[in-house]
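> Here's a sequence, model it:
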Amino acid sequence: MELLEKREDAVEFFRVKEQELFKVMKAMFTYHSDLNYKIPEDATLQVDFQDIEFPKEPAEYRDEWEWKVSKNLATWIDYLMWSNPDLNQAEAERIFNENVVSNRTLRGLGQPGAVREAITEVVEE
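Here you go, the predicted structure:
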């Protein structure tokens, strides 16, 4: 816990320093710019320091995401991007839509061997 408290103190220190640095950067850019462009006075810089999370059980993550989706705080596409940070919005939407189609197809298949046939058709396409 002591390390977490030290981290919190450090984050606050660096929030102040990042604003001071940004003021200097704006002044230097304005002074050296040949573009006759000035950074607006109300421009801001913000670094989002990631919150530290302790590992959770898979069921806790599932419950948390189901709650977020049920309260319209997130979507399943958000979940896909959270679980795979390399995905962008379009890729996550594509995967989600493909999964919806596959899941609907598989739910409709109740006969033995029908799932295997459906998977074979998808793979061969």
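> Quick one: neighbours of Arg104, just the number.
9 (other Cβ atoms under 10 Å). Glycine gets a C-beta too; all of them are placed from N, C-alpha and C.
> which parts of the lengthiest helix in the chain are buried?
Criterion DSSP state H: the longest helix present in the chain is helix 2-32. For helix 2-32, the neighbour count (16 or more other Cβ atoms under 10 Å) marks 22, 26 as buried.
> How about stretch 79-97?
Applying 16+ other Cβ under 10 Å to stretch 79-97 flags 79-81, 87, 92, 95 as buried.
> Endpoints of it, how far apart?
Start-to-end span of stretch 79-97 (Cα to Cα, to the nearest Å) is 14 Å.
> for it, the distance to its chain's centre please.
9 Å (Cα atoms, centre = their mean, to the nearest Å).
> just stretch 84-104 next, same as before
14 Å.
> can you check stretch 9-23 too?
That offset, for stretch 9-23, works out to 24 Å (Cα atoms, centre = their mean).
> Residue ranges in the protein under the pLDDT threshold?
108-125 (pLDDT under 70).
> Can you tell me how far the most centrally placed residue in it is from Trp67?
What sits nearest the mean C-alpha location of the chain, by Cα atoms, centre = their mean, is Trp82, with 4.5 Å. Taking Cβ to Cβ, to the nearest Å as the criterion, Trp82 is separated from Trp67 by 14 Å.
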